[in-house]
Structures are given as C-alpha cells and as structure tokens.
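[1] what would the 3D arrangement of this be:
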Amino acid sequence: MNTQDYKWITQGRDVIMAQCAQLSEAQLAQSHGFALDSVKDTLLHITKCYRNWIGSFLLGNDSVGDFPAEVVEKMTLADIQEVYMLVDKYVALAIQTFEDSMDVMTSSASDFKPTVQKTPHHLLIHAFTHECHHQGQITAMLSLMGHTPNNTNIVLFDSL
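    Numbering: from 1, shown residues only. Sure, this is the predicted structure:
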C-alpha cells in the first residue's frame, strides 16, 4: 500500500467532483430512492468510512459520527471537498505511519467499538473499495439526472 494506490483512487474522485460541480445545490441533494438517496449524502458517507476506519481506528482521532442533518442541509460541494482534504491527510498519515507495518494486526488506537483487529492494509483497501463502490452509485444518480457520467475506471487513467 502506497501513495500511488491512493492517487488512483483520487483520480476517480476528481472526475466525480468535477461532474458534481456542474450540478445545482438542489441536484446535489435530490432524492433518488436508492443507495444513500442523494449525491451529497453519498459523498459524505464515503468520507465517514475514511474518517472512522483511518482517522479514528488507525490514527486515534476522536470517533466520527454522521454530520447533523441541519449541517448537511447547508453544506455545499466546496464544504464537502474540505472534508475530503481531511480524508487525504488521514490517508497520507496512515500510509506514512504504517509504512513498515501495513500487514501487522492492530487494534483500535481509540475507544472504537466494537473491538476489532485488522491490519492497516486491510482497512485502507476497505476504504478504497468502499469509495469506488459508491462512485458507481453516484454515476448512476448522474445518469438519472440526465448527465452522461465521465469514466472513473482507474485502468484508463494515465500512470502518475
């Protein structure tokens, strides 16, 4: 697990974010009746996975819950992108911190419940695949709104 792996993930995210920037705030929050219901909710859900498993579990930051509904309602795409900057910092720190112990079983660095033992490698892969899964749901939502989703397949990206 290294920085290059995460750069491929963020390339797909950049494609999604660029398309989301073309949406109105109403479209970002539009209900679709499947998955996490809206593009905004899905984007925030992706960050929760990183914030909980990487930020809280691996790095020992405070446990992270959902953003309160009244906060989410007022969040713009720029606000969501700021949360992703925090996610990027967590991932970079985890890759650096566990560089030589990626496959060593670890317990939570915080009061994470329930008690779980996983390797940093496993948790990073989980967060990465979780994001890719939800990127697919966002592309489906974009399609439902009449947009042609751009390709987020990392195989098609240029090497970094």
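
[2] so how far is the helix or strand hosting residue 80 off the chain centroid?
    Per DSSP states H and E, residue 80 falls inside helix 77-97. Between the centre of helix 77-97 and the centre of its chain there are 9 Å (CA atoms, centre = their mean, to the nearest Å).

[3] now swap in stretch 76-94 and tell me
    On CA atoms, centre = their mean, the centre of stretch 76-94 falls 8 Å from the chain's centre.

[4] what's in contact with that stretch?
    Residues outside stretch 76-94 that contact it (CB atoms under 8 Å, 6 or more residues apart in numbering): 3, 6, 10, 13, 17, 20-21, 23, 25, 28, 40, 43-44, 47, 50-51, 54-55, 58-59, 61, 120, 124, 127. Yep, even glycine has a C-beta here, placed from its N, CA and C like the rest.

[5] in helices only, show me these.
    Within the contacts of stretch 76-94, residues falling in helices by DSSP state H are 3, 6, 10, 13, 17, 20, 25, 28, 40, 43-44, 47, 50, 120, 124, 127.

[6] which residues touch residue 100?
    Counting by CB under 8 Å, 6+ apart, residue 100 has no contacts.

[7] check the secondary structure at it for me.
    At residue 100 the chain is in coil, as set by DSSP: H, G, I helix; E, B strand; the rest coil.

[8] and it, how close does it get to residue 127?
    Going from residue 100 to residue 127 by CB to CB, to the nearest Å gives 20 Å.

[9] now do residue 49
    5 Å.

[10] flag the helix or strand of this protein with the lowest per-element mean pLDDT.
    strand 106-107 (a mean of 84; mean pLDDT, DSSP states H and E).

[11] thinking residue 36 is in contact with residue 46, fair?
    No. Using CB atoms under 8 Å, residue 36 is not in contact with residue 46, being 9.1 Å away.
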